[in-house]
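Asker: can you look at this prediction? I've put the sequence above it.
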Amino acid sequence: MKYAIGSANPAKVKAVEQMIKEPVQPLDVPSGVSPQPLSDEETRLGAVNRAKACVEKGAELGFGLEGGVTDMEGTLYLCNWGALADQDGHLVVASGAKIPLPDEIAAPIRKGSELGEVMTSFTSDKDIRKKAGAIGVLTNGELARDEMFMHIVKLLYGQYKFQK
Ligand SMILES: O=P(O)(O)OP(=O)(O)OP(=O)(O)OC[C@H]1O[C@@H](n2cnc3c(O)ncnc32)[C@H](O)[C@@H]1O
């Protein structure tokens, strides 16, 4: 197995495949963090754990992509992180776009709901996290979740090739 992504979420798989231009194996691996990461640190760790788990399952290169939220000066932001790991123990990380969440979305998350659930009730689309995502909705369709993740994958793969 050459390339793997530690998720079956189509927005994540598509982001890696479009960048790598080769088949990428989706793997069901644990993120090792809470279902709704609540800080940059936790979101980043989820991405790293997913990338490393892919390598442990035999991938030459393993990608991990994680979505979360983070509090900055009292405002909750959507945050996104990615990691790329290889069999030599090399690891690169990158973060993606951050945008503030409106109060009607932030408030239920602060009370314990997951962003995916909140976005589903907000849009009446149970698969929104697999498609445009919160970022697609909140940017009026200008930036979909897969495109946002693709940017992170470019940051990961570019850094990896530069360092190797
Ligand atoms: O199948 P996996 O890879 O776990 O993908 P996921 O979308 O369910 O999970 P993430 O770990 O990336 O995101 C953590 C939570 O935040 C939600 N989430 C994150 N970014 C989102 C977005 O852009 N739109 C909708 N939900 C999002 C997601 O549904 C989860 O409830």
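Answerer: All right, it came through fine.

Asker: and the residue of this protein closest to the ligand?
Answerer: In the chain, the residue that lies nearest the ligand is residue 116 (2.3 Å; Cβ to the nearest ligand atom). Every residue, glycine included, has its C-beta placed from N, CA and C.

Asker: would you confirm that that residue contacts residue 129?
Answerer: Yes - contact between residue 116 and residue 129 holds when scored by Cβ atoms under 8 Å: they sit 4.3 Å apart.

Asker: wait, what's in contact with residue 118?
Answerer: Residue 118 sits next to 105, 108-109 when contact means Cβ atoms under 8 Å, 6 or more residues apart in numbering.

Asker: list the contacts of the residue nearest to residue 104 when sequence neighbours are not counted.
Answerer: Of all residues not flanking residue 104 in the chain, residue 122 sits nearest, at 7.5 Å (Cβ to Cβ, 6 or more residues apart in numbering). For residue 122, the contacting residues are 104-105, 137, taking Cβ under 8 Å, 6+ apart as the criterion.

Asker: just the element for residue 122, please.
Answerer: When elements are assigned from DSSP states H and E, residue 122 belongs to helix 115-123.

Asker: may I ask you to confirm that residue 17 belongs to a helix?
Answerer: Yes - using DSSP: H, G, I helix; E, B strand; the rest coil, the secondary structure at residue 17 is a helix.
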